[in-house]
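J.: Sequence first, then the predicted structure:
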Amino acid sequence: MMDAAGETPVADRLAELENERDEMRERWIRSEAEMANLRHRTKREVEDARLFAVQKFARDVVEVAENLKRGLDSLPPRSEDEPEIIGKLREGFEGIERSFVATLERNGVKTEDPTGKLFDPNLHQAMAEQESTDHPPGTIVQAWTQAWTLNGRLLRPAMVVVAKAPAAAISAD
């Protein structure tokens, strides 16, 4: 039987079911995409948690490494007439420092000496500026502390002294 428009109720029902199928297929595809995104995001978050869970601990350990380095740097310079015990102590502490830093590096904690590099506000904290004709402006002339990272993420910025043009050169420009 045909209705007034010349279509059968079966054809109407078929069109209705096809539309419903298409809507369901679209919802299913979107749901699958959302699940894939969720899996990807969760995997990334778990990986970040694994890599950076020790960040606070690493920041504290870095301070210990810096204090050990400061202690070594405060020892008097080597001399021929220094007591043997002082030389052995120095060598022992230097060995401990090398081992300690190597252990940190094996666990993703790295240090970098920024001296001679261009100032990067993402890695360095400028503590002072120093006029210099030997270095281009913006170059780090001295590092008070090193930059420390954990798996590429900044733990502690380097505290640095940055070169600037001498006052006479600035006024001449």
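T.: Right, received. Where do you want to start? Residues are numbered from 1 along each chain as shown.
J.: Confirm that Met127 sits in a helix.
T.: No: membership of Met127 in a helix is not supported by DSSP: H, G, I helix; E, B strand; the rest coil, which gives strand.
J.: got the contact list for it?
T.: Residues touching Met127, when contacts are defined by CB atoms under 8 Å, 6 or more residues apart in numbering, comprise Trp144, Met159, Val160, Val161. Using the backbone N, CA and C atoms, a C-beta is placed for each residue, glycine as well.
J.: so when I look at Thr149, I'm seeing a strand, right?
T.: Yes: if the criterion is three-state DSSP, then Thr149 is within a strand.
J.: list the contacts for the residue nearest to the spatial centre of the chain?
T.: Among the residues of the chain, the smallest C-alpha distance to the mean C-alpha position (CA atoms, centre = their mean) belongs to Arg153, namely 1.4 Å. Counting by CB under 8 Å, 6+ apart, Arg153 makes contact with Phe52, Gln55.
J.: Any idea what it is bridged to?
T.: Arg153 forms beta bridges with Leu150, as assigned by DSSP bridges.
J.: What is the least confident helix or strand in the chain?
T.: Evaluated with mean pLDDT, DSSP states H and E, the helix-and-strand set of the chain has its lowest mean pLDDT in helix 167-172, which scores a mean of 62.
J.: Identify the residue nearest Leu75 in space, chain neighbours excluded?
T.: Excluding the flanking residues, the one nearest Leu75 by CB to CB, 6 or more residues apart in numbering is Arg90, at 5.7 Å.
J.: From Asn107, how far off is that neighbour?
T.: 26 Å (CB to CB, to the nearest Å).
J.: do the same with Leu38
T.: Relative to Asn107, Leu38 is positioned 30 Å away (CB to CB).
J.: what do you get for Leu14?
T.: Computed with CB to CB, the distance linking Leu14 and Asn107 is 65 Å.
J.: likewise Gly95?
T.: From Gly95 over to Asn107 the distance is 19 Å, taken as CB to CB.
J.: Looking at these two, which is more packed in?
T.: Set side by side, Gly95 and Asn107 give different neighbour counts by other CB atoms under 10 Å, the larger being at Asn107 (13 against 10).
J.: how about that one, what does it touch?
T.: Going by CB under 8 Å, 6+ apart, Asn107 touches Val54, Ala58.
J.: Now it, what are its backbone angles?
T.: phi -110, psi 20 (degrees, to the nearest 10).
J.: Over to Gly138?
T.: Main-chain dihedrals, Gly138, degrees, to the nearest 10: phi 90, psi 0.
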